[in-house]
Structure formats: structure tokens, C-alpha cells
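Visitor: Sharing a model that was predicted from the sequence below.
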Amino acid sequence: MCEFCSEHGQDNRWYLNPENFSDKLLEDPKRAKTIEKLVGWGIDYYVDFTSRVTEMVNWPVIGKLVKKAVDRIAPKEHGGQVVSLEDSLQLLEYARDFVLLPCACRRLVSHKQEMACLNFGPVKDLMLRYVPGEPIEELTLDEARKLVRDFDRRGYFHQVLYAKIPFPICICNCEERYCTSLKQRFANGVEVALYKGHDVCKVDAERCKECESPWCASRCVFGAISYNPERGGVEVDASRCFGCGLCRGACVHDALSLVPREMVPQAAGKW
Amino acid sequence: MAEYKIKVKKSCDAESCGFRCQEACPRGVFLAVPAERHKEKQSIYPRHRITPRFSYFCDGCGICIPICPSQRIKVVLKMTGEKILKKPLANK
């Protein structure tokens, strides 16, 4: 269990605790303010600010202090954690008012418009109030589930985003090229920008047959899967695996599966 | 170890060229950031400028240089020591 689960999960994963979706949490003025900041084109300022601050982590003298401050403050503001397809579908059960919005990361990093940001809860009302001209697509629960499955098939990894932990507001479906959270984590080592998921990929060596060019390895966004020519199959570096589970859909031999992170010593406790 | 430093001149007006460098960059190095402060913005849709915020991911392909209509992008190769090796490496 990650630190969020031990505090807000009640023996479950924090985003699968129905209490964390309650409207009562919106009574917290700090949380309401954070959500208002993030909605619409306010997100542009937010991404600019956070990416500038996380860059400072690499500065020679104050870098360590900035890192400490970011680790402390980010959970009180906004961040995300990678989730598998199964967890994404389950958490949708507890959410309401689904809306599909254009992905801000794709727009800001590549000037690309793609409706890939699945928001829920208070976001719909705030979008209509603050940016009425923005494209917004209302969805039912079934449509939202179908969409998440579709994104998974396309190779988009999922992350659940919170507005002041433990209140989930969005399932982000992103790609390596565009995801600003992932970039902040890899470039600056800021783990709290994108926490690893609760699962880790495992290979069934007997089932993993020799593929000429393993698709699972090229599909892994995090560089955790590599081909071992001596063994004639792939290997997973559990310490690099984020537990998105995209690789499973790429394996024709059904050799990949997800296991809880605590069960793999190499990855246990590494978020 | 090689690291690429990207410089974008302040006079760059990405809105007018249609963010060509962003669309072309295969590694997502450029970030569009609001050109005006939040309090000072004129409408709900701010103007944007380009900044190479994620130059860590640049692999020096140089595609952004010829694509810029006003030659406002420079890519410089920097050799760095061990510090960069300590960072978690991305996929490629």
C-alpha cells in the first residue's frame, strides 16, 4: 500500500474507497480552490508553474530543499498515480457526472486536440461556468467504461488524478510523448508528480514464446520490458514498472500479468 | 554524456506560425506556456509562447531547426558529467 492508501484507503486502494468520492470533501475550501484553478485554461498556468518548480529540483544549492517542499505540498494540491485498466473501470463505479474533455497535455506539448481526459465529479459544472465555449462531451457510466477500454487498446496508459488527496477528479489517458507528469518525474526525479501504480508486471516464462520483435517491449512507456535473446523471451525490470498493464494487451501468448507491488521485492515500497 | 540544450529566442511568435516546432518534435520537448500573467490576461483564452521546458528528452534530431519559419530555435550539444546519470532514465 502506498502512503495515500494507508491514510485514506481504509484497507483498500485510496481511489477505490467510495468515501473519497463524496461531495462532503468539496466543503474543504482549499480543495474547491484547487479544482477551480485546474479547470479550463487555468490548467495552462498550473502546468507552467509546476514544470518550472520541478525544474528547480536540479538546481545545485536549493535543489534538495525544493524537492522536499514539492513532496510535501503536491499531495495537498494536485498529482496522479498510474492505474491499471481494471482499477480504472472499478473506480468509475464510484464516480458521477462523467465528462470527456480535450487533453491539456497534448494541447500544450504538441498543439494536438484530442478528447482523452475523462473527468468526473464537480468538473462538469465548473467547466460550464468558467469556459462555456470549450468542447465538452457528457458521458454515461457505460460510455465512460467503453472509452477507457478503447484508450487501453490504443496504448494510452491511465492515471488517476486527484485534487488535494484523496479526492479523484479525472482519469487521464496519456502517451509518453505528451504526458507532462511523466516528463516531470523522469526529467527531474519528482516522484509525487506521477506515482507508480499498485501493481507490477510479471512474465510467465513458460508462456512467453520467442517473438521476433516483442510488441510488449515497444508498448511499455516506462522502459521496463526488454528482450533477452539468450532465454528467448522478455524480462521485466520490476523497479522500472509503473503497473499500467498495457503490455498485457500486446502479448499474444497471454504471458504477462499484473501482481501486487508488495509481492515483488525489487519493486516493493518504491512509488 | 551528451545532453542537448535548446534555445528559443524571445521574439518567437508561435501563435502566428501555428506551433510548428511542437507539432514536429517527436519527443515532446517544447511546452506552450501562457504569454501573459494570470491576473493580466485579456480573455479566458491566453496567448501562448514556446519554451523548451522538457529539453532533457531532446535526442538532437534537429527537426525543429529547419521547421521554424523565422529561425528562432538553436540546439546546442552539451557534454555533461555524472550528474545527469543519476537521473532516472526514460525509455529511449
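Guide: Cool, the structure landed.
Visitor: Model confidence for A:Met127, exactly?
Guide: Listed pLDDT for A:Met127 reads 87.
Visitor: A:Pro135 is in contact with that one, correct?
Guide: No. Here A:Met127 lies out of contact with A:Pro135, judged by Cβ atoms under 8 Å, at a distance of 9.9 Å. (Glycine included, C-beta is placed from N, CA and C.)
Visitor: more crowded one of the two?
Guide: More crowded of A:Met127 and A:Pro135, by other Cβ atoms under 10 Å in any protein chain shown: A:Met127, with 18 against 11.
Visitor: Need the CA coordinates for the helix or strand where that one lies. PDB is fine.
Guide: Using DSSP states H and E, A:Met127 falls within helix A:123-130. The C-alpha coordinates for helix A:123-130 follow below in PDB (Å, rounded to 0.1, in the frame of the first residue of the first chain):
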ATOM      1  CA  VAL A 123     -15.600  19.400 -13.100                       C
ATOM      2  CA  LYS A 124     -18.600  19.400 -15.400                       C
ATOM      3  CA  ASP A 125     -20.400  22.300 -13.600                       C
ATOM      4  CA  LEU A 126     -17.200  24.300 -13.300                       C
ATOM      5  CA  MET A 127     -16.300  23.900 -17.000                       C
ATOM      6  CA  LEU A 128     -19.700  25.100 -18.000                       C
ATOM      7  CA  ARG A 129     -19.300  28.100 -15.700                       C
ATOM      8  CA  TYR A 130     -15.800  29.200 -16.400                       C
END
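Visitor: For it, enumerate the helices and strands it packs against.
Guide: Secondary-structure packing of helix A:123-130 (3 or more Cβ pairs under 8 Å, 6 or more residues apart in numbering or on different chains; DSSP states H and E): helix A:29-38, strand A:98-102.
Visitor: and A:Cys170, what are its bridge partners?
Guide: A:Asn119, A:Leu161 (DSSP bridges).
Visitor: buried sites along the helix or strand in which A:Arg52 is found?
Guide: Element membership for A:Arg52 (DSSP H and E) is helix A:42-55. Buried residues in helix A:42-55, counted by 16 or more other Cβ atoms under 10 Å in any protein chain shown: A:Gly42, A:Ile43, A:Asp44, A:Tyr45, A:Tyr46, A:Val47, A:Asp48, A:Thr50, A:Ser51, A:Val53, A:Thr54, A:Glu55.
Visitor: do the same with stretch B:54-61
Guide: Result for stretch B:54-61 [16+ other Cβ under 10 Å]: buried residues B:Phe54, B:Ser55, B:Tyr56, B:Phe57, B:Cys58.
Visitor: Could you restrict those to the ones contacting chain A?
Guide: B:Phe54, B:Tyr56, B:Phe57 (Cβ under 8 Å from any Cβ of the partner chain).
Visitor: mind checking the backbone torsions on the last one?
Guide: The main-chain torsion angles of B:Phe57 are listed as degrees, to the nearest 10 and equal phi -90, psi 0.
Visitor: Quick check, A:Leu92 in contact with A:Thr140.
Guide: No. Applying Cβ under 8 Å, one finds A:Leu92 not in contact with A:Thr140, separated by 10.6 Å.
Visitor: After the helix holding A:Met127, which helix or strand is next? Please name it.
Guide: That would be, after helix A:123-130 and using DSSP H and E, strand A:137-139.
Visitor: which residues make contact with that following strand from outside it?
Guide: A:Phe98, A:Val99, A:Leu100, A:Leu101, A:Met115, A:Leu118, A:Lys124, A:Leu147 (Cβ atoms under 8 Å, 6 or more residues apart in numbering or on different chains).
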